[in-house]
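let me see the structure of the following:
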Amino acid sequence: MSRRVGIVGAGSIGVAWAVTFARAGWSVRVVDPDPVRVEAVEAEIQERLGRLDAHGLLGEPVDVVAERVEAGAEQAWAVGEAELVIECAPERLELKREVYRAVLESAPGDALLTSSTSALSPTSLFDGLAGAERCLVAHPTNPPYLLPVVELVPAGFTAETAVESAREMFAAVGMSPILVRSEAEGFVVNRLQGAILREAYCLLRDGVASVDEIDLAVRGGLGRRWALTGPFETADLNTRGGIASHAEKMGAAYERMGAERGQDDPWTPELVARAEAGRREILPLDEWGSRVLWRDEQLMKAEAARREVDHG
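Have a look, this model is predicted:
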């Protein structure tokens, strides 16, 4: 018998989650109070699966995967047999809490309940609800069937067993879970994204560069490296001697840049030491050179693929 997920909300995130779980072999029931959205689910699932299949990313016939997804308007039908519930309602706190009160009445007593909220804290969502110990945020990067990171954000009352169950379930469908250890607004992804976007607006405001030039700086430079390595590993590989050497050489300049924006977040020796320890646990310094070669090789492959597309 296949595993079952109930998805509450048939908007873009709900449909994207349905694709993600159906592709991994799960039975999916999607519920929405809007009959127009319920009616649209089948065609949207077929369209997204068709595009995945066209790029060789499906592994099964489109119709076989699509048959795993059902849509309806009855919430109890959608969640009553689910081992995992994913709430994808609009980003309004009281609406989401109302959804969860109903879900907790209908879902099995051992079902895991998650929210795809982009910024609302799990405490604000679940505090005081019966069954809150099995509730947490599971925030995807959209669309999750192409971008596998999911942020798992427990509240203080969330049971450790619920967190571990969430790790297992999302990993089972090909996701890469990140445990967010405090309820910082925006979690990790949106805080990183927000920092970049705030600076982009400042650069535009100050006449430093145009909209397209700022985008080009990311898509043609930073973004290509970050797709492989992320900010800490990028800094680690950019300077011989690793991230500690990078901080020694560049920390003062970055501190001045932050001060221009009213920020006071210096890279203290203690903070740099934590970053250094984290990187050395992953990559000993005697392997630094081989990792740099790996990075360059991946960039070459990506560039060759781009040129093939551009001139194909």
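
separation between residue 288 and residue 248?
Residue 288 is 16 Å from residue 248, where distance means Cβ to Cβ, to the nearest Å. Using the backbone N, CA and C atoms, a C-beta is placed for each residue, glycine as well.

compare these two and say which is more crowded by neighbours.
Neighbour comparison, residue 288 and residue 248: the larger count goes to residue 288, with 18 against 14 (by other Cβ atoms under 10 Å).

pLDDT below threshold where in the chain?
Residues of the chain that meet the criterion pLDDT under 70 lie in 312.

show me how far the top helix by length along the chain is from its chain's centre.
In the chain, taking DSSP state H as the definition, the longest helix is helix 288-311. Between the mean C-alpha location of helix 288-311 and the chain-wide mean there is a distance of 24 Å, by Cα atoms, centre = their mean, to the nearest Å.

may I see the buried residues of it?
288, 291, 295 (16 or more other Cβ atoms under 10 Å).

what is it packed up against?
Packing contacts for helix 288-311, counted by 3 or more Cβ pairs under 8 Å, 6 or more residues apart in numbering; DSSP states H and E, involve helix 223-238.

packing partners for the helix it packs on?
Counting contacts by 3+ Cβ pairs under 8 Å, 6+ apart, helix 223-238 is packed against helix 243-260, helix 269-282, helix 288-311.

what angle separates it from helix 288-311?
On the basis of axes from the mean of the first three to the mean of the last three Cα atoms, to 10 degrees, helix 223-238 is oriented at 170 degrees to helix 288-311.

near the residue nearest to residue 202 when sequence neighbours are not counted, how many other residues are there?
In this structure, residue 202 finds its nearest non-sequential neighbour in residue 261, 6.6 Å apart by Cβ to Cβ, 6 or more residues apart in numbering. Using other Cβ under 10 Å, residue 261 has 10 other residues around it.

from residue 267, how far out is residue 261?
Noted for residue 261: a distance of 16 Å to residue 267, by Cβ to Cβ.

check residue 235 too.
From residue 235 over to residue 267 the distance is 10 Å, taken as Cβ to Cβ.

shared neighbours, those two?
Both residue 235 and residue 267 are in contact with residue 247, where contact means Cβ atoms under 8 Å, 6 or more residues apart in numbering.

contacting residues around the one helix or strand residue 22 maps to?
Here residue 22, judged by DSSP states H and E, is contained in helix 12-23. Residues from elsewhere that reach helix 12-23 (Cβ under 8 Å, 6+ apart): 5, 7-8, 28, 30, 32, 41, 44-45, 48-49, 52, 58-60, 65-66, 68-69, 86, 88, 116, 140, 142-145, 173-175.

change it to 6 Å
For helix 12-23, the surrounding residues in contact (Cβ atoms under 6 Å, 6 or more residues apart in numbering) are 5, 7, 28, 30, 44, 48, 65, 68-69, 86, 88, 116, 143-145, 173.

re earlier: ok, of the buried residues of helix 288-311, which one's closest to residue 181?
residue 291 (26.7 Å; Cβ to Cβ).

which non-adjacent residue is nearest the closest one?
Nearest residue to residue 291 in three dimensions, chain neighbours excluded: residue 283, at 5.7 Å (Cβ to Cβ, 6+ apart).

and the gap between the one you found and residue 304?
Between residue 283 and residue 304 the computed distance is 26 Å (Cβ to Cβ).
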